[in-house]
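*Asks:* Only the shape, not the letters, is given here:
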Ligand SMILES: *Cc1c(COP(=O)(O)O)cnc(C)c1O
């Protein structure tokens, strides 16, 4: 959707607009607002420009680009020859559903660790696919209880897999995947990780955490455009998974064997998305890979939390559990704080934030990921300050000129 100031001013019903100067939005290089959301995200101009060509899906150049993308994704997880990336056309959830329904056999049983919407979604996928599941659920602001996880594993030998979400984007919490992986390994279970919102920014070593598979997508910390999910699978698990799938399109084994045979997708690939992802990976390497990208996001997160705290907002999570991906803030406890007006005013100023999805608290979220840096975070904080001033709310920092 294109963003124009006139359209937004024309549709705003914000009463402050009648007696304040028109707002000049802080716009990205393409004039669009910055997406401070958990994806899709703001991408670079060069990533978008990579899509200005058409490729045939059987074109040798495209096949080579795709192969290089798949190898690079595996390398980000330090997978080596033991692992292989299987792409899945669609959003991230398509890849998660492909992972769960292809790698978990029909008589398998998954221990699902839930502390937010994405853990719940995995359980729903398993229910629909009629795979048995055991749940360990904690509050959205709390990590799994590892002692309880261990006791479930100890008393339930029929469990075949453990599923965990790396950064649970519902709250922004960083779940302890290394500790969970160690437990899964000790009890001989396959470890399946949804690393959608963390992959590329938070280190994740497939072999070190003992992952059977890791899923992520093109449009989060890798900063590509949406349209491709992928599963980085242990080759041996993939080889053993023939016949598990319950759908044709999400059958990882079939998708992978076709790549082995022909180098091609079984069904139309999102060619433009893949070529943009190739460019995004080049920019990712230029930035210093996981270390460089993680550093920029950690700085964004620090600037955001410090600035918002000074303006009177409280983050939901204890600092120890906060991933540098997205921050959940409590709504201001002040009757004059009107979230819709706040949201609309920030959008008008060039920043799209994200409503909360929590059950434990009334909240909203601001993302730290995408093609944004300290300058954009500080401009977003200026916009927040302006909105608080116009509503007459907030801490000392909000009302100081
Ligand atoms: C974004 C995200 C997904 C996938 O969502 P899609 O809308 O299908 O791309 C899955 N898990 C987590 C933790 C996410 O952040």
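*Replies:* Alright, I've got the coordinates. No experiment lies behind these values; they were computed from the predicted model shown.

*Asks:* switch to C-alpha atoms for all contacts and neighbour counts from now on
*Replies:* Fine.

*Asks:* pLDDT value on residue 18, please?
*Replies:* Looking at residue 18, its pLDDT stands at 44.

*Asks:* hang on, I meant residue 39
*Replies:* Confidence score, pLDDT, at residue 39: 85.

*Asks:* ditto for residue 15
*Replies:* 42.

*Asks:* same deal with residue 395?
*Replies:* Reported pLDDT for residue 395: 66.

*Asks:* do the same with the one 5 residues further on
*Replies:* Note for residue 400: predicted pLDDT of 59.

*Asks:* go on, residue 91?
*Replies:* pLDDT, residue 91: 98.

*Asks:* isn't it right up against residue 227?
*Replies:* Yes. Contact criterion CA atoms under 8 Å: residue 91 and residue 227 qualify, at 5.4 Å.

*Asks:* Now do the shared contacts for these two.
*Replies:* Common contacts of residue 91 and residue 227, defined by CA atoms under 8 Å, 6 or more residues apart in numbering, comprise residue 217.

*Asks:* Same drill for the two, tell me which one is more crowded.
*Replies:* Set residue 91 next to residue 227 and count neighbours by other CA atoms under 10 Å: residue 227 wins out with 22 against 17.

*Asks:* Please name the residues that touch the more buried one.
*Replies:* 89, 90, 91, 217, 218, 219, 270, 273.

*Asks:* Go back to those and keep what's next to the ligand.
*Replies:* residue 91 (CA under 6 Å from any ligand atom).

*Asks:* which of the contacts of residue 227 lies closest to residue 251?
*Replies:* Nearest to residue 251, judged by CA to CA, of those is residue 89 at 11.6 Å.

*Asks:* Which residue comes closest to the closest one once chain neighbours are left out?
*Replies:* residue 228 (4.9 Å; CA to CA, 6 or more residues apart in numbering).

*Asks:* Equivalent analysis for residue 178, please.
*Replies:* residue 209 (5.1 Å).

*Asks:* Quick check: which element contains the one you found?
*Replies:* If you go by DSSP states H and E, residue 209 is not part of any helix or strand.

*Asks:* which ones are touching it?
*Replies:* 177, 178, 179, 181, 182.

*Asks:* and stretch 161-176, how far from the chain's centre?
*Replies:* Here stretch 161-176 is found 10 Å from its chain centre; the criterion is CA atoms, centre = their mean, to the nearest Å.

*Asks:* quick one: terminal-to-terminal distance for that stretch?
*Replies:* End-to-end distance for stretch 161-176, by CA to CA, to the nearest Å: 17 Å.

*Asks:* Ok, stretch 180-194 next?
*Replies:* Between the opening and closing residues of stretch 180-194 lies a distance of 13 Å (CA to CA).

*Asks:* same thing with stretch 29-47?
*Replies:* 12 Å.

*Asks:* Same check on stretch 338-357?
*Replies:* End-to-end span of stretch 338-357 (CA to CA): 17 Å.

*Asks:* what about that stretch, average pLDDT?
*Replies:* Averaged across stretch 338-357, pLDDT comes to 93.

*Asks:* mind listing what's buried in it?
*Replies:* 341-357 (16 or more other CA atoms under 10 Å).

*Asks:* Give me the contacts around that stretch.
*Replies:* Outside stretch 338-357, the residues touching it (CA under 8 Å, 6+ apart) are 5, 8-9, 12, 14, 23-27, 32-38, 117, 170-171, 328, 331, 362-367, 380, 383-384, 387-388, 391.

*Asks:* And it, how far out from the chain middle?
*Replies:* On CA atoms, centre = their mean, the centre of stretch 338-357 falls 20 Å from that of its chain.

*Asks:* now swap in stretch 160-174 and tell me
*Replies:* 11 Å.

*Asks:* looking only at pLDDT, what's the mean for that stretch?
*Replies:* 97.

*Asks:* is it up against the ligand anywhere?
*Replies:* Yes. Using CA under 6 Å from any ligand atom, stretch 160-174 reaches the ligand at 165, 167, 168, 169.

*Asks:* picking up where we left off before, who wins for neighbours among the contacts of residue 209?
*Replies:* Counting neighbours by other CA under 10 Å, residue 181 leads the contacts of residue 209 with 26 neighbours.

*Asks:* Which helix or strand contains that residue?
*Replies:* Following DSSP H and E, one finds residue 181 within helix 177-186.

*Asks:* Report how many residues lie close to residue 54.
*Replies:* 10.

*Asks:* any idea how far the ligand is from it?
*Replies:* Computed as CA to the nearest ligand atom, to the nearest Å, the residue 54 to the ligand distance reads 24 Å.

*Asks:* per-residue pLDDT, the residue nearest to that residue when sequence neighbours are not counted?
*Replies:* Spatial nearest neighbour of residue 54, chain neighbours left out: residue 272 (7.2 Å); criterion: CA to CA, 6+ apart. Note on residue 272: pLDDT of 98.

*Asks:* Let me see the mean pLDDT of the helix holding residue 181.
*Replies:* 98.

*Asks:* Not counting that helix itself, show me its contacts.
*Replies:* 146, 150, 161-162, 164-166, 190-191, 193, 208-211.

*Asks:* Repeat the analysis, applying 7 Å as the threshold.
*Replies:* Outside helix 177-186, the residues within contact range by CA atoms under 7 Å, 6 or more residues apart in numbering are 150, 162, 166, 190, 191, 209, 210, 211.

*Asks:* Show me what residue 234 is bridged to.
*Replies:* residue 83 (DSSP bridges).

*Asks:* contacting residues for it?
*Replies:* Going by CA under 7 Å, 6+ apart, residue 234 touches 82, 83, 84, 212, 213.

*Asks:* Swap in 8 Å and give it another go.
*Replies:* 82, 83, 84, 211, 212, 213.
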